[in-house]
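**Q** how does the following fold in three dimensions:
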Amino acid sequence: MPAPVLRRAHPALRAPFNIWDLVAFALIMGVLIAVTHGAHDTFAPLKSLAAHPISLDPRRLPEYALRTSLRMVAGMVASLVFTFGYAALAAKSRHAEMVLIPLLDILQSVPVLAFLSITLVWLMSLAPGSVLGAEFASIFTVFTAQAWNMTFSFYQSLKTVPRDLDEAARAFGLTPWQKFWRLEAPYGAPALIWNMMMSMAGGWFFVTASEAFTVGATNINLPGVGAYIAAANDKQDYGAIGWAILTMAITILIFDQLLFRPLVAWAEKFHIELTASSDPPRSWVLDLIRRTRLMARVGRPIGGSLRALASLRIDPRLPRAPELKGNAQRTFDVVWVALVLVLVVFAAQQIFTFVSRELTWTDLGHAVILGFFTLLRVVVLIALASLVWTPIGVWIGLRPKIAERVQPIAQFLAAFPVNLLYGVVVAGILWGHLSPDIFLSPLMILGTQWYILFNVIAGASAFPTDLKQAAESFGVKGWLWWRTVIGPGILPYFVTGALTASGGAWNAAIVSEVVSWGDKHLRAAGLGAYIADASTAGDMPRVILGVAVMSAFVVALNRTVWRPLYALAERKYRFD
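**A** Now for the predicted structure:
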């Protein structure tokens, strides 16, 4: 008797949905309900914050984690919009680049507390008397902890797009709009996604500063994990600190599973290589979405609309210099540089006028000396972090399965707020009669060292498989492999990571050079402590002086070290 022949049901006879649709629908509805619940108290009167102080009851932590997560996501969306616009303008216009990149160096160096001190009154005035105004201030603080790293990463990707792909885009007659969405954004997606993870972790690192802040007479404590940590620090409650750590770990794991891991797996198709990876990253969420029927059917028109939008022959004209040649071009460049210098001198004159009303040259000299103390810490710590994390990042990045396992762990370590270690650090320094100037320094690199690791992992992950196989075929190993194969391949990514880690270390000085645990206070001599003290006291002249001196140090370091390395990577080490 012949075996029965199994036939697939005709598509018209198949059920319009399957079990995977039900799971996906449950996930989507769960997210929507959580967002609605978390945003419920956003429009409450501002005085309700004082009426309902932060509770250290662990049962409140799920709600606090939800409120903090919504601020993180809002900051991430704002950072993405900023990244696409700012990085594209800087990469595509040489004259805009001369202004925007040094400005980005300055913005990266400005501490989050300084941003908050300067913008708090304006942000609160957007929704006077409402919690929404305080939410705006908190989200803006999260934005300042996320945006600069993502912008530097995407700018680096735009500057190193392979020339053959750029020439192909020109040959097909793509407009700047089409070229951006069909070539440049996909090319930069893998590195950008890894930096989004790092930026989200950066937001967690400064979560206390973004939810519990005091500027002059204004004292705000928004419901969230950061405010919970601040309250636990004030009361020296080690049990509450433990619950906060557990909550952070669970929240970061949820973000990893529902957002970042699907994005990493999806972006795998944008890697530039002739041979596909034998071990690509996977995501159960992405697999679930691909197995759905109804959701896939609903998603097709949306995807088609987005592809059609990316294919529109829009030709946005970015600000650019007139088409000049020879002496005319040089003259225009001189005039442009002169105009920029005039604006810089004008800004410096305004700062000097404001600061000089209350401060003297002695105050400036004091701030500069403190800046050199912080500079020494930054240089030593970045060098040590590079020596440690670069080889580890390469090893992880070349092994996608290992990268998948390391991804949530690295996010958690990068997101670990320095405030959670204050109790241990203060106790250790006091017990051992140690110098705060030395033993508070590692706190500066605690969160920023991961910029180097994440970017090196992204660079090693993006390294073409065919080039790795060629190196193996020719027996290239050891130092020769580092010098001629992987080193040049990851250099643009390492420079991005080291540059943002350097700026982040300066920024972290405000929470690392001044440490409090209950009634015990320690401080290290440095510019971060200077700015933190001035911000807490509402002393705007000293805040602005400290920020100006810190910005000058950061720009000088970037101009003399990191920018030349950027230029080298762009000129010599790109996959053409």
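
**Q** going forward, measure contacts between C-alpha atoms and count neighbours the same way
**A** OK.

**Q** and the residue most central in space within the chain, how far from F152?
**A** Nearest residue to the geometric centre of the chain (CA atoms, centre = their mean): S199, 2.3 Å. Using CA to CA, to the nearest Å, we find S199 at a distance of 12 Å from F152.

**Q** do the same with L309
**A** 26 Å.

**Q** which one's more surrounded, those two?
**A** F152 (25 against 14; other CA atoms under 10 Å).

**Q** which one is that one nearest to, not counting chain neighbours?
**A** T496 (6.5 Å; CA to CA, 6 or more residues apart in numbering).

**Q** what's the average pLDDT for the strand or helix carrying that neighbour?
**A** Per DSSP states H and E, T496 falls inside helix 487-512. For helix 487-512, the mean per-residue pLDDT is 83.

**Q** how far out from the middle of the chain is that helix?
**A** From the chain centre to the centre of helix 487-512 is a distance of 11 Å (CA atoms, centre = their mean, to the nearest Å).

**Q** and the helix or strand just after it, how far out from the chain middle?
**A** Of the helices and strands lying after helix 487-512 in sequence (DSSP H and E), the nearest is strand 514-517. Strand 514-517 sits 25 Å away from the centroid of its parent chain (CA atoms, centre = their mean).

**Q** now do stretch 203-215
**A** 16 Å.

**Q** go on, stretch 520-532?
**A** 25 Å.

**Q** for G526, list the residues it contacts.
**A** L370, G371, F372, F373, T374, A509, E513 (CA atoms under 8 Å, 6 or more residues apart in numbering).

**Q** give me the number of residues near the last one?
**A** As a burial measure, E513 scores 27 neighbours (other CA under 10 Å).

**Q** and if you look at the third one?
**A** A count of nearby residues for F372, using other CA under 10 Å, gives 15.

**Q** do you know the pLDDT at it?
**A** pLDDT, F372: 93.

**Q** what residues sit buried inside the host helix or strand of T390?
**A** In this structure, T390 sits in helix 361-397 according to DSSP H and E. Residues of helix 361-397 classed as buried by neighbour count (16 or more other CA atoms under 10 Å): 363-364, 367-371, 373-375, 377-378, 381-382, 385-386, 389-390, 393-397.

**Q** immediately after that helix, which helix or strand?
**A** helix 400-415.

**Q** now do the buried residues in the very next helix or strand once past that following helix.
**A** Once the chain leaves helix 400-415, the next helix or strand it forms, by DSSP H and E, is helix 422-432. Neighbour counts over helix 422-432 (16+ other CA under 10 Å) mark Y422, G423, V425, V426 as buried.

**Q** where does the nearest residue to the third one once chain neighbours are set aside sit relative to L343, distance-wise?
**A** Sequence neighbours aside, L440 is the residue nearest to V425 in space, at 7.7 Å (criterion: CA to CA, 6+ apart). Spatial separation of L440 from L343 under the definition CA to CA is 38 Å.

**Q** so which residues make contact with stretch 241-250?
**A** If you take CA under 8 Å, 6+ apart as the criterion, stretch 241-250 is touched by P58, L61, P62, A65, V225, Y228, I229, A232, N233, F412, L420.

**Q** quick check, nearest of those residues to S473?
**A** Closest approach to S473 among the contacts of stretch 241-250 (CA to CA): F412, at 37.8 Å.

**Q** pLDDT score for that closest one?
**A** 77.

**Q** try the one 5 residues further on
**A** The predicted structure scores P417 at 70 on the pLDDT scale.

**Q** ok, Y155 next?
**A** pLDDT at Y155 comes out at 91.

**Q** what's near enough to touch L440?
**A** Per CA under 8 Å, 6+ apart, neighbours of L440: V425, S512, E513, R523, A524.

**Q** quick check: the second one vs Y530, distance?
**A** Spelled out, that is S512. Relative to Y530, and taking CA to CA, S512 is found at 12 Å.

**Q** equivalent analysis for the first one, please.
**A** In this structure, V425 and Y530 are 20 Å apart, going by CA to CA.

**Q** the last one now?
**A** Spatial separation of A524 from Y530 under the definition CA to CA is 10 Å.

**Q** could you pull out the strands for the stretch 1-150 of the chain?
**A** For the stretch 1-150 of the chain, strands defined by DSSP state E, counting those that start in this stretch do not occur.

**Q** helices of that one, start to end?
**A** 19-38, 47-51, 61-92, 94-109, 112-125, 131-159 (DSSP state H, counting those that start in this stretch).

**Q** which of the ones you listed sits most buried?
**A** A comparison of the helices of the stretch 1-150 of the chain by mean neighbour count, using mean count of other CA atoms under 10 Å, puts helix 131-159 on top with a mean of 25.

**Q** and the residue nearest to F152, what does it touch?
**A** F152, S153, Q156, I452, N455.

**Q** report the two of these separated the most.
**A** Q156 and I452 (14.5 Å).

**Q** extract the residue ranges of the stretch 451-576 of the chain that are flagged as low pLDDT.
**A** Along the stretch 451-576 of the chain, the parts satisfying pLDDT under 70 run over 518, 573-576.

**Q** what is the burial count for V554?
**A** 24.

**Q** is it true that it lies in a helix?
**A** Yes: V554 sits within a helix when classified using DSSP: H, G, I helix; E, B strand; the rest coil.

**Q** look up how far W181 lies from the closest residue to it other than its chain neighbours.
**A** Leaving aside its chain neighbours, V554 sits nearest to S109 (6.3 Å; criterion: CA to CA, 6+ apart). In this view, S109 and W181 are 30 Å apart by CA to CA.

**Q** and if you look at A240?
**A** 46 Å.

**Q** neighbour-wise, which of the two wins?
**A** For A240 and W181, the more surrounded residue by other CA under 10 Å is A240, and the numbers stand at 20 against 15.

**Q** check contacts around the more buried one.
**A** Neighbours of A240 in contact, by CA under 8 Å, 6+ apart: L56, D57, P58, I229, A232.

**Q** the fourth one against S210, yeah?
**A** No: using CA atoms under 8 Å as the test, I229 is too far from S210 to be in contact (11.7 Å).

**Q** more neighbours: which of those two?
**A** More neighbours surround S210 than the other of I229 and S210, with 31 against 27 (other CA under 10 Å).

**Q** give the contact list for that one.
**A** So S210 contacts A137, S138, I139, T141, V142, G226 (CA under 8 Å, 6+ apart).

**Q** closest to F352 among these?
**A** The nearest member of the contacts of S210 to F352, counting by CA to CA, is T141 at 26.0 Å.
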